[in-house]
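Visitor: how does the following fold in three dimensions:
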Amino acid sequence: SSLATVQAAVENKSTLRKYQKAFFKSALERSGKDKIKAYTFKDTDANKTKAFVDKLLRHKIQVQQTSENSFSVPTEQPQYRMVQSFFETYETYRDSVYYDASAWSVAHFYNIKYKGVGKAPQGKEIKSTAELISLKPLMRSNYAYGVDAQDYNVPALLQELQNEKFVVSSAFKPFKTKEGFSFSYGSLLIPVALQNDTSEEVHMRLEKLQEKHQVQIHALSTGYSVQGVDLGSGNVRVVKKPKPLMIIGEGIRSYEAGEVWHLLDTRVGMPIIKVHQHRFNQIDLESYNTLVLVSGSYNWDKETIRKIQTWVNKGNTIVAIGTANNALIKHKIINEKIVVKKKDSTAVVVTKPYVDAPENIGREKLGGVFLKGNLDLTHPLNFGYTNKDLTLYKNNLVWVSPSKSSYGTPVTYDADPHVDGYISKTIRNSFLPKSAPVVVSALGKGRVIMFAENPNFRGTAYGSNRMFLNALFLGNHIRVPKEGATVSQDEH
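Guide: Numbers count the residues shown, from 1 in each chain. Coordinates of the predicted model:
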């Protein structure tokens, strides 16, 4: 069929060229009538913005830089239709049943905050992302180095620092140094005295890592802050190197497992051990500190359930995605609940035309929509985010009840959550208001981090996969404080 397609294309090249010419000509005509003349966006996360601009350029979309961290995408260009695909959202739909997603506004995968404007601002056209990030030379310090958390490449930098045996800590509260640098929740600290190398060697190695990961590192001269916590505070805690294990194989959704593997392998450089479900009983969990469960069917026996509970109780972490949460609740590993719609036992069944069944049933599914979430920026799962509003992509019917603890729901759905995509009235009224996208459930000294949505969708969810990476790096520091009890410095 591939060769037949090529042959048909060659034989009809004249027709296809005319069609292509008409396609771009009509795009320019339509863009001229569009009241929106440009989409503008600004983001201080340099590497996430770079990735988004790169995606635009790969689709031959014209992009202009209007000022530092600010960009504009004009609509009057040959790729007008592709610009629409990146930015336009819809509230009403002609149909209610979809083969796949009903929302593909790409900017939302990157959690880019943008707006349409009636006049296109002037700027310098970007041809390449190579010069988008400008780093300052790293000065040498005999005390410590700091990295602000608000950059997409920080997890990759942290992973390589740990690979190179650096001792790295994370600040669980913000601070400002005498040099004038401000560091947000989750920023990294690298104390020179705790490393095995001399201060000269530490400086040289960090210079190379700054250039490689395109993340600014700052030299710090003292542990005393002019604002916020001091660097010797109990709020500055050593980051333990993740040792993740993921169950794969029969009954497990291979797409989601592959997305986890792709993210860790290509973006972070973190190895993850994969074990087939039928061999899970043979694995010594003591060699790992994180268990990743993607959507799937987990039919565990009592011995396996007890093994998992004992391991988590010791202080380890389960990161569950999608329907894996159903299994954890079903097997009573965690004391959480799934939202279900109560059926009226007295309701009379109304007979409907047989031919309408696919549409009536299909409209209650979610092919793929964007929802607005609200972040608690002080929670370790949300370290590195700059804005409390986060766009989440949902393509399943997993509805997790919010935590019974005031501190166990680090992400909530907004009161008006719809951003883009078709959602039925039943889902809007009976499920979304009673559910939460992310819940943390305590289990002994450990925890289960529950993602109702898939934060790693198809390798393009730059906006949400930072939460997943935080779960791996900071999981052992995450607590669900007991209300009414004294909260220690370590509880978050």
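
Visitor: Thr222 touches Tyr143, doesn't it?
Guide: Yes: counting by C-beta atoms under 8 Å, Thr222 touches Tyr143, with 6.2 Å between them. Backbone N, C-alpha and C define where each C-beta goes, glycine included.

Visitor: helices of the stretch 151-300 of the chain, residue ranges please.
Guide: Listed in chain order, the helices found in the stretch 151-300 of the chain under DSSP state H, counting those that start in this stretch are 154-163, 199-213, 254-262.

Visitor: what are the buried residues along the shortest one?
Guide: The neighbour-count check on helix 254-262 (16 or more other C-beta atoms under 10 Å) flags Glu256, Ala257, Glu259, Val260, Trp261 as buried.

Visitor: can you pick out the most distant pair from those?
Guide: Using C-beta to C-beta, the buried residues of helix 254-262 span at most 9.8 Å, a distance reached by Glu256 and Trp261.

Visitor: related to what we said a few turns ago, deepest-packed of the helices of the stretch 151-300 of the chain, please.
Guide: Mean neighbour counts were taken over these using mean count of other C-beta atoms under 10 Å, and the top value, a mean of 22, falls to helix 154-163.

Visitor: and that helix, what other elements does it pack with?
Guide: Packing partners of helix 154-163 (3 or more C-beta pairs under 8 Å, 6 or more residues apart in numbering; DSSP states H and E): strand 188-191, helix 199-213, helix 465-474.

Visitor: dump the residue contacts of Asp290.
Guide: One thing to correct before we go on: residue 290 is Thr, not Asp. Pro242, Lys243, Pro244, Leu245, Asn316, Thr317, Ile318, Val319, Ala471, Leu472, Gly475 (C-beta atoms under 8 Å, 6 or more residues apart in numbering).

Visitor: from Ala120, how far out is the closest residue in space to it that isn't next to it in sequence?
Guide: Nearest non-adjacent residue to Thr290, counting by C-beta to C-beta, 6 or more residues apart in numbering: Pro244, 4.3 Å away. As judged by C-beta to C-beta, to the nearest Å, Pro244 and Ala120 stand 46 Å apart.

Visitor: so which of these two has more stuff around it?
Guide: The residue with more neighbours, out of Pro244 and Ala120, is Pro244; 21 against 18, by other C-beta atoms under 10 Å.

Visitor: looks to me like Val319 is in a strand.
Guide: Yes: secondary structure of Val319 (DSSP: H, G, I helix; E, B strand; the rest coil): part of a strand.

Visitor: count of neighbours near it?
Guide: The burial count for Val319: 24, using other C-beta under 10 Å.

Visitor: for it, give me the pLDDT.
Guide: If you check Val319, the pLDDT there is 98.

Visitor: same question, Glu125
Guide: Model confidence at Glu125 (pLDDT) stands at 97.

Visitor: and Val487, by the same measure?
Guide: Val487 is given a pLDDT of 51.

Visitor: do the one 4 residues further on as well
Guide: Looking at Glu491, its pLDDT reads 43.

Visitor: residues contacting the closest residue in space to Glu336 that isn't next to it in sequence?
Guide: Nearest residue to Glu336 in three dimensions, chain neighbours excluded: Ser441, at 5.1 Å (C-beta to C-beta, 6+ apart). For Ser441, the contacting residues are Ile334, Asn335, Glu336, Ser403, Gly408, Arg447, Val448, Met450, Val480, by C-beta under 8 Å, 6+ apart.

Visitor: and the last one, what is it in contact with?
Guide: Think Val480. Contacts of Val480 by C-beta under 8 Å, 6+ apart are Ser403, Ser405, Tyr407, Gly408, Val440, Ser441, Ala442, Arg447.
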